[in-house]
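Novice: Got a sequence here, can you build the structure:
(one chain, ligands or ions: 1)
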Amino acid sequence: MDHAADAHRTDLMTITRYVLNEQSKHAESRGDFTILLNHIVLGCKFVCSSVNKAGLAKLIGLAGETNGEEQKKLDVLSNEVFVKALVSSGRTCILVSEEDEEATFVDPAKRGRYCVCFDPLDGSSNIDCGVSIGTIFGIYMIKHDGEPTLADVLQPGKNMLAAGYCMYGSSCTLVLSTGSGVNGFTLDPSLGEFILTHPNIKIPKKGKIYSVNEGNAKNWDEPTAKFVEKCKFLNDSSPPRSLRYIGSMVADVHRTLLYGGIFLYPADKKSPNGKLRVLYEVFPMSFLMEQAGGQAFTGKQRALDLVPKTIHERSPIFLGSYDDVEEIKVLYAAQENKE
Ligand SMILES: O=P(O)(O)OC[C@H]1O[C@](O)(COP(=O)(O)O)[C@@H](O)[C@@H]1O
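Specialist: As a prediction, the model looks like this:
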């Protein structure tokens with residue numbers, strides 16, 4: 001690798017150029033998706049700079065508002081920026097945000113054909129201590145000319161057109177799939193551009209890492225308890241798997257995508273549907289995992305086959321390397337056969 005050439009690379013593959021190339025393959029594309037994505041990218045850049053200067057700009061701490069959960073100042077600010085950017089793109093008709101109780105139906109005069117479900121700032125519990133957090137988004141397109149309704153977003157995840165996340169960590173990385181593979185782009189602060197740095201990401205078929213909040217172990221169901229037990233106390237000579245849990249889904253999934261392994265947020269006696277939300281956490285991450293060669297399972301079915309009934313519905317999720325998720329599917333199938 002010629003680092004000097006790399007540092008002075010002049011043929012810059014920005015995310016806009018990448019998506020424009022992608023879209024040019026679709027005859028019907030009029031550039032609407034690229035315009036939409038550019039507004040999402042603008043939101044990510046704004047949130048990235050706000051997160052970086054949070055301590056200095058007094059953006060740490062609670063906003064004193066709730067969405068059923070206490071909202072952080074950065075939660076509210078990020079949500080405002082994304083809603084305004086998405087509406088001003090003129091390409092959206094329905095917005096579903098983790099921070100808004102109700103879906104936003106865009107004014108017909110400014111409306112487009114895309115529905116965007118997003119968590120403007122995921123990993124709230126890690127905001128104030130500077131640990132990596134992120135934005136997650138999933139995009140559908142309405143296929144009819146009638147009034148957009150909730151039915152246009154309460155669809156299986158496999159109907160999404162695209163999904164991605166932006167991680168605000170040691171560097172700002174945007175990972176995106178438009179249905180033909182997964183690519184990672186790193187923000188070059190000196191250019192203010194996301195540059196392709198992780199082309200065609202493929203998750204290792206089998207991993208050495210498991211990622212779960214073991215603090216909930218006493219409330220787990222048997223297949224989950226058995227799987228985590230296996231991760232720790234293998235009955236053969238192979239080395240035990242390592243536990244890595246940041247508590248920010250974006251950061252835990254990003255590591256899983258690059259290094260392999262499995263991330264799980266199972267159901268438990270206290271939260272029978274788990275914690276993570278289907279439309280803007282489970283679906284986008286499952287879409288990316290499958291596009292990278294991994295898989296995503298709910299404990300009952302392929303995550304992307306789920307049909308949510310409400311916009312803030314939760315679901316258990318097991319996602320990551322193909323073989324690792326296969327192991328837990330076998331345990332749930334055995335449980336089902338016993339019942
Ligand atoms: O603290 P727990 O129960 O392990 O939950 C951590 C999970 O909750 C989340 O923080 C989601 O919650 P928020 O959307 O409220 O931040 C995920 O990012 C993370 O995977």
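Novice: Name the single longest helix found in this structure.
Specialist: Longest helix of the chain, by residue count under DSSP state H: helix 32-52.
Novice: Moving C-terminal from the helix or strand containing residue 117, which element do we reach first?
Specialist: Using DSSP states H and E, residue 117 maps to strand 114-122. Going down the chain from strand 114-122, the next helix or strand is strand 133-141, by DSSP H and E.
Novice: tilt between that next one and helix 32-52?
Specialist: Angle, strand 133-141 to helix 32-52, by axes from the mean of the first three to the mean of the last three Cα atoms, to 10 degrees: 160 degrees.
Novice: Okay, now the sheet partners of strand 133-141, with direction.
Specialist: Strand pairing for strand 133-141, determined by DSSP bridges: strand 114-122 (antiparallel), strand 162-168 (antiparallel).
Novice: Which one, of those, ends up nearest to the ligand?
Specialist: Proximity to the ligand (Cβ to the nearest ligand atom) singles out strand 114-122 among the strands paired with strand 133-141, at 4.5 Å. Any C-beta I mention is one placed from the backbone N, CA and C, and that applies to glycine too.
Novice: average pLDDT across stretch 139-146?
Specialist: Summarised as a single mean, pLDDT over stretch 139-146 is 93.
Novice: Flag every buried residue along that stretch.
Specialist: 139-142 (16 or more other Cβ atoms under 10 Å).
Novice: roughly how far is that stretch from the heart of the chain?
Specialist: In this view, stretch 139-146 has its centroid 22 Å away from the chain centroid, taken as Cα atoms, centre = their mean, to the nearest Å.
Novice: The protein: helices as residue ranges?
Specialist: Taking DSSP H, the helices of the chain run over residues 3-7, 15-24, 32-52, 73-88, 222-232, 249-259, 283-291, 322-338.
Novice: With the ligand in mind, check whether the third one reaches it.
Specialist: In other words, helix 32-52. No - contact of helix 32-52 with the ligand (Cβ under 6 Å from any ligand atom) is absent, the minimum separation being 13.4 Å.
Novice: so that helix versus helix 73-88, what angle?
Specialist: Orientation note: helix 32-52 sits at an angle of 160 degrees relative to helix 73-88 (the same axes, to 10 degrees).
Novice: How about helix 32-52, which residues are buried there?
Specialist: Of all the residues in helix 32-52, those buried under the rule 16+ other Cβ under 10 Å are 32-34, 36-51.
Novice: For the strand holding residue 117, what is the distance to the chain centroid?
Specialist: Its chain's average C-alpha position is 9 Å from that of strand 114-122, according to Cα atoms, centre = their mean.
Novice: how about it: buried residues?
Specialist: Judged by neighbour count using 16+ other Cβ under 10 Å, the buried positions of strand 114-122 are 114-122.
Novice: Alpha carbons of that strand, as CSV, please.
Specialist: Below are the C-alpha coordinates for strand 114-122, written out as CSV (Å, rounded to 0.1, in the frame of the first residue of the first chain):
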residue,chain,number,x,y,z
TYR,A,114,-39.4,7.9,0.1
CYS,A,115,-40.3,6.9,3.7
VAL,A,116,-37.4,7.2,6.1
CYS,A,117,-37.3,5.4,9.5
PHE,A,118,-34.5,6.6,11.7
ASP,A,119,-32.9,6.7,15.1
PRO,A,120,-31.2,10.1,15.0
LEU,A,121,-28.9,9.3,17.9
ASP,A,122,-28.7,5.7,19.0
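Novice: What angle do helix 249-259 and that strand make with each other?
Specialist: Angle, strand 114-122 to helix 249-259, by the same axes, to 10 degrees: 100 degrees.
Novice: quick one: average pLDDT of strand 114-122?
Specialist: The average pLDDT within strand 114-122 is 97.
Novice: That strand and the ligand, are they touching?
Specialist: Yes - counting by Cβ under 6 Å from any ligand atom, the ligand has neighbours in strand 114-122: 119, 122.
Novice: now that strand and helix 283-291, what's the angle there?
Specialist: Interaxial angle, strand 114-122 versus helix 283-291 (the same axes, to 10 degrees): 100 degrees.
Novice: got CSV for the strands paired with strand 133-141, with distance to residue 14 too?
Specialist: Below are those laid out as CSV (distance: least, Cβ to Cβ, whole Å):
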stretch, distance to residue 14
strand 114-122, 21
strand 162-168, 15
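Novice: To residue 288, which of these lies closest?
Specialist: Residue 288 lies closest to strand 162-168 among these, at 5.8 Å (Cβ to Cβ).
Novice: how distant is that closest one from the center of its chain?
Specialist: That offset, for strand 162-168, works out to 6 Å (Cα atoms, centre = their mean).
Novice: Mean confidence (pLDDT) on it, please.
Specialist: For strand 162-168, mean pLDDT is 98.
Novice: For the chain, what lies in contact range of the ligand?
Specialist: Contacts of the chain with the ligand, taken as Cβ under 6 Å from any ligand atom, map to 98, 119, 122-125, 213, 247-249, 252, 275.
Novice: surely residue 271 meets residue 314?
Specialist: Yes - in this structure, residue 271 is within contact of residue 314 by Cβ atoms under 8 Å, at 7.2 Å.
Novice: Pick out whichever of the two has more residues nearby.
Specialist: Between residue 271 and residue 314, counted using other Cβ atoms under 10 Å, residue 314 has the larger neighbour count: 19 against 15.
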